[in-house]
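S.K.: test case, fold it:
(2 chains)
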Amino acid sequence: MIPGVRGTRDIVPGDVERWQRVEAVARDVCGRYGYRELRTPIIEREELFAKGTGASTDIVQKEMYAFTDKGGERVTLRPEATPGMVRAFVEHALEQSLPVPKLFTIGPMFRYERPQKGRYRQFHQLNVEVFGVADAALDAEVIEMACTFVETLAIQGAELVINSVGCPECRPEFSEALLKALGEDLPKLCGDCQRRAATNPLRIFDCKVAADQPIIDQLPHSVDYLCDGCREHFEAVQRYLRAYEQPFRLSHRLVRGLDYYTRTTFEILASQLGAQNALLGGGRYDGLVKKLGGADRPGIGFAAGLERLVLALPGTDDEVAPDVFVAALGEGAREAAFVLARALRASGLQTLVDYEPRSAKAQLKRANRARARYTVIVGDDELARGEVTVKTMATGEQQSIARDGVVAALSSS
RNA sequence: GUGAGUGUAGCUCAAGGGUAGAGCGCCGGUCUGUGGCACCGGAUGCUGGGGGUUCGAAUCCCCUCACUCACCCCA
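M.R.: Next up is the predicted model:
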C-alpha cells in the first residue's frame, strides 16, 4: 500500500457529511450577507505571498510548498487565501463590476508544518474578504457574521475576542513604547521573545512561557497608543457590536501573525479544541490592496479553519439512508428489478439494488443494514401477476402493489 | 524544526521471550422467497516498515515511518 502524504487526510463517507453541513451553512450565511463566491487557483507566484503575507512571517519563511516549475517560474501552493483574493480583485477590476466587493471562497491551503490535532499540511478554509469599505460598521458586520456562522453550526463554548493593533501611523510608536517598557527585563524573557523583540515586538504578547508572564502583564496596551483615527474607529466597532448585543472580550494580547493587519483584529476561540483553539481569525488590512499593485483600497476579512469547525461540531452524524432497496428474487426478475430501480430514481427516490443474485434473506439483510425505509421485492411469482411486494422495514408490514403503481405509491409516501 | 507518548484483525483493545487472541463488525447456517433478536459456524493479521540480539521476538535493542499531545506557528 502506498500511504497518503503526511499531514493530508481523506474525508471518508460518514465524515464527509459533517463537512458538507459546514460548507452548506457557510454558503448560506455568506449569501445572506451579500457575499459572492470567488474561486482562485491553488498555485500562485511565490512573490505574491512574500509581498502580501509578509516576508517576515514564519508562513513565508519556512512553511510554503514552493518550487520552480518547468518553465522556470517560482510558484507555491497557497498557504493562505487573502493575497490571491486581492490579486484576483485587482486583476479583474472587480470593484467596477460588483456593487460592493464582498467575496468569499472555500478551499484547500498548504503549509509545511508538523501535523497535530486541528493542524494539517493540507487544510481547508472559508475565507471572507471585503474591499473598498473603511467604515467601522463593516468591521462589526463582518465580526457579527462570523459569530452567526459559528452559532448556526451550534458550536458550543465559542468566544469572540477583539483588539486593535493600530495603523502605520501609530503602531511604530507603540512598538517603541513596548521596547522601552521592556527595558532591562528583555534579557529575562525567553529566546523566542527576544527574537520577537527584534522582528515584531507586538508578537511578544503571543508568548505562553509561564516565567515571562509577570513581565508581559506589565507591558503597555496597543489600545492606549492608538492615533485619534484608530481609536475612534475601534470605539465605533465596539458600539456596533453592543448594538448587535454581540458579546465580546477585549484582549490587548490578540496580535495575530500576519504582517498586513491594521486596526481591528479578532478571533473566535473554541474551548474544546486544545492547543489549536482558534476556529477563525481575521481583521482589517487597509494597506494590502495597494501593496499588491491595486488602488489604495481598505480591506477586511477572516479565515475559518474547516477542520477545526468540523472538530468542534456537536456529535450527531447525519445518516445517509436509501429510501428503497429493490430485491430481485429469481434470475428472471433481475431485469425487472433494475428497470424498476431506474423508475424509482427518476422520481427522486434514493434507490439501491443488489448486484449479486443473493437469497431473499441475504438481500433483506442488506436492505436492513443499509437502513432502507422500504424494500421492494420483485420475484417471479409477483411478476406473473403483474405485481411487486412492498415491505415497510420499520414495521415489517408488507403488501402487494401493481407493478406500474409502485413508483407513485412510494414517491407519495 | 524540538520534546514526550503510542503503533497488534475493518473498529476498540488483550497477550511483556515459547503455536497471535477477545468484544463489536463482516459473511454464512438454523429459517431452501423475507431483515432486526437468539444460537451455531466461518474469514480476516508480513503485530506500521527495516535491521539486530536469541534455539525462538508482537514482546528486548537500533533505525525509519505514521499518529497523538505539547513547543513553535496559526485556521
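
S.K.: enumerate the residues of the stretch 51-200 of chain A near RNA strand B.
M.R.: Within reach of RNA strand B by Cβ under 7 Å from any atom of the strand, the stretch 51-200 of chain A has these residues: A:57-59, A:63, A:80, A:111, A:113-120, A:123, A:125, A:192, A:196. In this view, the C-beta of every residue, glycine as well, is placed from N, C-alpha and C.

S.K.: buried subset of those, written for PyMOL?
M.R.: Applying 16 or more other Cβ atoms under 10 Å to those leaves a buried subset, and the PyMOL line that selects it is:
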select buried, chain A and resi 57+59+63+80+111+113+118+119+120+123+125+196
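
S.K.: A:Q218 contacts A:L178, correct?
M.R.: No: if you go by Cβ atoms under 8 Å, A:Q218 and A:L178 don't touch, sitting 11.1 Å apart.

S.K.: A:V320: neighbour count?
M.R.: 12 (other Cβ atoms under 10 Å).

S.K.: what's the burial count for the nearest residue to A:I106 once chain neighbours are set aside?
M.R.: Nearest residue to A:I106 in three dimensions, chain neighbours excluded: A:L126, at 5.2 Å (Cβ to Cβ, 6 or more residues apart in numbering). Neighbourhood size, A:L126 [other Cβ under 10 Å]: 25.

S.K.: what does the lowest-mean-pLDDT helix or strand in chain A rub up against?
M.R.: Least confident helix or strand of chain A, by mean pLDDT, DSSP states H and E, is helix A:191-199 with a mean of 81. For helix A:191-199, the external contacting residues (Cβ atoms under 8 Å, 6 or more residues apart in numbering) are A:S56, A:L179, A:L182, A:L186, A:P187, A:L189, A:R203, A:I204, A:D206, A:C207, A:V209, A:D212.

S.K.: restricted to buried residues, select those residues in ChimeraX.
M.R.: To isolate the buried ones among the contacts of helix A:191-199 in ChimeraX, judged by 16+ other Cβ under 10 Å, type:
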select /A:182,189,203,204,206,207,212
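
S.K.: any chance of the contacts of helix A:191-199 in TSV, plus secondary structure and pLDDT?
M.R.: Shown next, in TSV, are the contacts of helix A:191-199 (DSSP: H, G, I helix; E, B strand; the rest coil; pLDDT from 0 to 100):
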residue	secondary structure	pLDDT
A:S56	coil	81
A:L179	helix	88
A:L182	helix	84
A:L186	helix	83
A:P187	helix	83
A:L189	coil	83
A:R203	helix	85
A:I204	helix	87
A:D206	helix	81
A:C207	coil	81
A:V209	coil	79
A:D212	helix	83
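
S.K.: can you confirm A:F302 is in a strand?
M.R.: Yes: under DSSP: H, G, I helix; E, B strand; the rest coil, A:F302 falls within a strand.

S.K.: is it bridged to anything, and to what?
M.R.: Going by DSSP bridges, A:F302 is paired in beta bridges with A:V128, A:G282.

S.K.: residues touching it, list them.
M.R.: Counting by Cβ under 8 Å, 6+ apart, the residues that A:F302 touches are A:N127, A:V128, A:V142, A:A146, A:F266, A:L280, A:G281, A:G282, A:G283.

S.K.: reformat those residues as a markdown table; add pLDDT.
M.R.: Listed next are those as a markdown table, based on pLDDT from 0 to 100:
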| residue | pLDDT |
| --- | --- |
| A:N127 | 98 |
| A:V128 | 98 |
| A:V142 | 98 |
| A:A146 | 98 |
| A:F266 | 96 |
| A:L280 | 95 |
| A:G281 | 95 |
| A:G282 | 95 |
| A:G283 | 95 |
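
S.K.: make a markdown table from those residues and add neighbour count to it.
M.R.: Shown next, in a markdown table, are the contacts of A:F302 (neighbours: other Cβ atoms under 10 Å):
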| residue | neighbour count |
| --- | --- |
| A:N127 | 22 |
| A:V128 | 28 |
| A:V142 | 25 |
| A:A146 | 26 |
| A:F266 | 27 |
| A:L280 | 24 |
| A:G281 | 21 |
| A:G282 | 26 |
| A:G283 | 27 |
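
S.K.: show me the two of the residues you listed that sit farthest apart.
M.R.: Pairwise distances among the contacts of A:F302 were taken by Cβ to Cβ; the largest, 14.6 Å, belongs to A:N127 and A:F266.

S.K.: what's the spacing between the residue of the stretch 1-150 of chain A found nearest RNA strand B and A:L311?
M.R.: The nearest approach of the stretch 1-150 of chain A to RNA strand B comes at A:K117, 2.5 Å away (Cβ to the nearest atom of the strand). Remark: distance between A:K117 and A:L311 (Cβ to Cβ, to the nearest Å) = 8 Å.

S.K.: tell me, what's touching those two both at once?
M.R.: Common neighbours of A:K117 and A:L311 (Cβ under 8 Å, 6+ apart) are A:L273.

S.K.: quick one: the residue nearest to A:I106 is in a strand?
M.R.: Yes: under three-state DSSP, A:L126 sits within a strand.

S.K.: near A:I42, how many other residues are there?
M.R.: By other Cβ under 10 Å, the burial measure for A:I42, its neighbour count, is 16.

S.K.: what distance do you get for it to A:T76?
M.R.: A:I42 is 10 Å from A:T76, by Cβ to Cβ.

S.K.: all set, thanks.
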